[in-house]
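Asks: pasting the sequence and the predicted coordinates here, then a few questions.
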Amino acid sequence: MKASLFISVVIVLSFASVARAEPRELPYGAFAFDVTLSLPGTPDEIFGAITGDISGWWDHSFSGNPAKFYVEPIVGGGFYEYFDDKGNGVRHAVVTYVDRPKILRMEGPLGLAGNAFMGVYTYNFEPVGADSTQLTLQVQAAGHVEPGWAAVVEKVWRHFLIERFKPYIELGVHRSRKP
C-alpha cells in the first residue's frame, strides 16, 4: 500500500511540474452607455421585430454565413446564432428578464465570447403617441476589457440599431418576415 501511494505521489508531482503554467493578469474594467432612437410602430410591434428571427437586420457573426440569428423572448431563452440546419452554433446571451412589450434584458458576452467578459443589455420600449416607440438600449459591461473595447462595442451597437434596425423598421421589412 505504501509503495502504491509513493508511486501516485511521484506521478502527480511529475505531472504538476510538466503542466505548470504561470498565471497572468488580464486588464479589468467596466463601461456603460445608452443608445436611444425613435421608431414608427407600437412597442409591441418593435418588441416583436427585435426578437424572434433577427437575421434580417443583425449582420455580425461568428460563422461568416449563419443560417439564422434568433432571440427567444422568454426568461431563460437565448440569443442564438445557428451556423447550419444541424444545430451547430453559439448562444451569445441568455434572456434574463421579459416584460413584453416594455423590457427585454439579456446577459452574455455577445461578440466577445471566449473572454472573461459579461455584458447586460436592456431594451426599453416606451410608447410615443399612438404609433411610435422610443427604444433605448442600456449596456453595462465588466470583466476582461482591453483598451478601446468600450468605444468599439458602442460603435457596433449603434451600427446594429441605427444603421440596420431603424431602416429595417422604417421600410416595413419586419412586417413581411415569417414568425
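Replies: In hand now; what should we look at? A quick note: this is a predicted structure, and the numbers were derived from the prediction, not measured.

Asks: show me where the chain has strands.
Replies: 28-40, 52-53, 68-71, 78-82, 89-99, 103-108, 117-128, 132-144 (DSSP state E).

Asks: low pLDDT regions in the chain?
Replies: Residue ranges of the chain with pLDDT under 70: 1-19, 62, 178-179.

Asks: tell me the centre residue of it?
Replies: L110 (3.2 Å; CA atoms, centre = their mean).

Asks: quick one: contacts for that residue?
Replies: Counting by CB atoms under 8 Å, 6 or more residues apart in numbering, L110 makes contact with F79, H92, A93, G119, Y121. For the C-beta atoms, the positions are set from N, CA and C on the backbone; glycine is no exception.

Asks: please list only the buried members of those residues.
Replies: F79, H92, A93, G119, Y121 (16 or more other CB atoms under 10 Å).

Asks: please report how far the second one lies from W58.
Replies: Right, H92. As defined by CB to CB, to the nearest Å, H92 lies at a distance of 10 Å from W58.

Asks: just the last one next, same as before
Replies: When CB to CB is applied, the distance between Y121 and W58 equals 13 Å.

Asks: what's the neighbour count on the closest residue to L137 other than its chain neighbours?
Replies: Excluding the flanking residues, the one nearest L137 by CB to CB, 6 or more residues apart in numbering is V35, at 4.6 Å. Using other CB atoms under 10 Å, V35 has 16 neighbouring residues.

Asks: can I assume V35 is in contact with H159?
Replies: No. In this structure, V35 is not within contact of H159 by CB atoms under 8 Å, at 10.1 Å.

Asks: what residues are shared contacts of those two?
Replies: Counting by CB under 8 Å, 6+ apart, no residue touches both V35 and H159.

Asks: quick revisit: quick check, nearest of the buried ones among the contacts of L110 to G148?
Replies: G119 (15.9 Å; CB to CB).

Asks: show me the beta-bridge partners of that closest one.
Replies: G108, A141 (DSSP bridges).

Asks: look up how far T42 lies from the residue nearest to M106 when sequence neighbours are not counted.
Replies: Counting by CB to CB, 6+ apart, A93 is the residue found nearest to M106 once chain neighbours are left out, at 3.9 Å. Separation of A93 from T42 (CB to CB) stands at 25 Å.

Asks: give the contact list for the closest residue to A30 other than its chain neighbours.
Replies: Distances taken as CB to CB, 6+ apart put A142 closest to A30, at 3.8 Å, once the chain neighbours are dropped. Residues in contact with A142 (CB under 8 Å, 6+ apart) are Y28, G29, A30, F31, F117, M118.

Asks: next, count neighbours for the fourth one.
Replies: It refers to F31. Residues near F31, counting by other CB under 10 Å: 15.

Asks: that one: what's it in contact with?
Replies: V139, Q140, A141, A142, V145, W149, A150, V153.
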